[in-house]
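*Asks:* could you look at this predicted model? Sequence included:
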Amino acid sequence: MASRDPVADLRRIAFLLERANEATYRVKAFRSAAATVAALPAAELRERVEAGTLAKLQGVGDVTARCVTESLNGEEPAYLRRVESTEGTDLQGAAAALREALRGDCHAHSDWSDGGSPIEEMALAAVELGHEYLVLTDHSPRLTVANGLTAARLRKQLDHVAKVNDALPEGFRILTGIEVDILADGSLDQEDELLARLDVVVGSVHSNLRDDSAKMTRRMLAAIANPHLDILGHLTGRKVSASGAGDKGHRAGRTRPPSDFDVKKVLAACAEHGKAVEINSRPDRLDPPKRMLTVAVEAGCLFSIDTDAHAPGQLDWQRFGCERAALCGVPVDRVVNAWPADRLLEWTAGHAPGNQEQ
């Protein structure tokens, strides 16, 4: 029987565990083993499997060694069969149609801030999911707990993304972006010159989430009016309970109530300025709540169905956002990441200073 690719099998297991929001240490075990095995010459790998010494290598344990052995023997690893069989049901109806229409993801993180994987890994996972683009949106400077990018580091990242794009499969590209903090006065936490260079700017509130309604409303309205902002990220900042251990900065099981603000005013401002409301698909966010999502539909808002992924497997969480969008009647033609990249970029460029309608 012909052997399988043990590295691909290990990475597939890690991807499925991430998608299921399993504990980070479990995901890392399979990714570490994949990296170790990928670095071994084929002959040494086969010798170690036959001698039963694979688990003595750093990064390889008994479970991952068993997976490699089964794969080299031409068998689908039992662990992979198990996680494949419990990965969930297919989307139905309107939700499936929405998911099929999506061409990319406008909110994802890498290990440049608080994500767990390199930009290249995130991009290749997006390619495998059928995306045409992925917007890289690492955090801005003041979110130090998330290793936010200073202006200097962001400039380096832009250069790095240009090099990565040159090596990616034809028909796919990383779009440059940021998840920029909306500060207390509604300003955005990055230099205007850099924000103007980015393809997509997601703005989110991460601090002082318990401010009174009037203060939070003013803060959000100021950010929405900023010509650099394109997408209003995780609208309420809430956290809901979710299984698994999540990832850095997103521990599942912790809850947080939504911020208090004038929902109708904020959503009306998004519609007026042509800014998109994010439908955040993370199982521990599912933000905005359905009652607010319905108000946003009625207000005529644009939307972006995003994963806020911090690991490759989480890029497949868009299904959760699509289910909520379908339940609330979100029209596919108002979902900006269902648009081709060129149309998306034309829309974001229209918000830039000097390009807005007077």
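*Replies:* Great, that's in hand.
*Asks:* quick one: the strands in the chain, in order.
*Replies:* 104-108, 133-136, 173-181, 200-204, 231-232, 276-280, 302-306 (DSSP state E).
*Asks:* just want the angle from the first one to strand 173-181.
*Replies:* Between strand 104-108 and strand 173-181, the angle comes out at 40 degrees (axes from the mean of the first three to the mean of the last three Cα atoms, to 10 degrees).
*Asks:* who's in contact with strand 104-108?
*Replies:* Residues outside strand 104-108 that contact it (Cβ atoms under 8 Å, 6 or more residues apart in numbering): 115, 122, 126, 131-137, 175, 177, 179, 200, 202, 231, 233, 278, 280, 304, 306-310, 315, 318, 336-337, 341, 344. No exception for glycine: its C-beta is placed from N, CA and C like everyone else's.
*Asks:* contacts for the longest helix seen in the chain next, please.
*Replies:* The longest helix of the chain (DSSP state H) is helix 151-167. Residues from elsewhere that reach helix 151-167 (Cβ under 8 Å, 6+ apart): 112, 119-120, 123, 136, 138, 141, 149, 173-174, 176, 178, 190-191, 194, 197.
*Asks:* how far is stretch 221-232 from where the chain is centred?
*Replies:* 20 Å (Cα atoms, centre = their mean, to the nearest Å).
*Asks:* then stretch 114-124?
*Replies:* The answer for stretch 114-124 is 10 Å, by Cα atoms, centre = their mean.
*Asks:* again with stretch 164-176
*Replies:* That offset, for stretch 164-176, works out to 17 Å (Cα atoms, centre = their mean).
*Asks:* how about that stretch as CSV, C-alpha atoms only?
*Replies:* This file holds the C-alpha atoms of stretch 164-176, laid out as CSV (Å, rounded to 0.1, in the frame of the first residue of the first chain):
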residue,chain,number,x,y,z
VAL,A,164,5.1,36.5,0.7
ASN,A,165,2.5,37.5,-1.9
ASP,A,166,5.2,36.9,-4.6
ALA,A,167,5.4,33.2,-3.5
LEU,A,168,1.7,32.4,-3.0
PRO,A,169,-0.4,30.5,-5.6
GLU,A,170,-1.7,32.5,-8.5
GLY,A,171,-5.2,33.9,-7.9
PHE,A,172,-4.7,34.5,-4.2
ARG,A,173,-3.2,37.4,-2.3
ILE,A,174,-2.8,38.7,1.2
LEU,A,175,-4.4,42.2,1.6
THR,A,176,-2.7,44.5,4.0
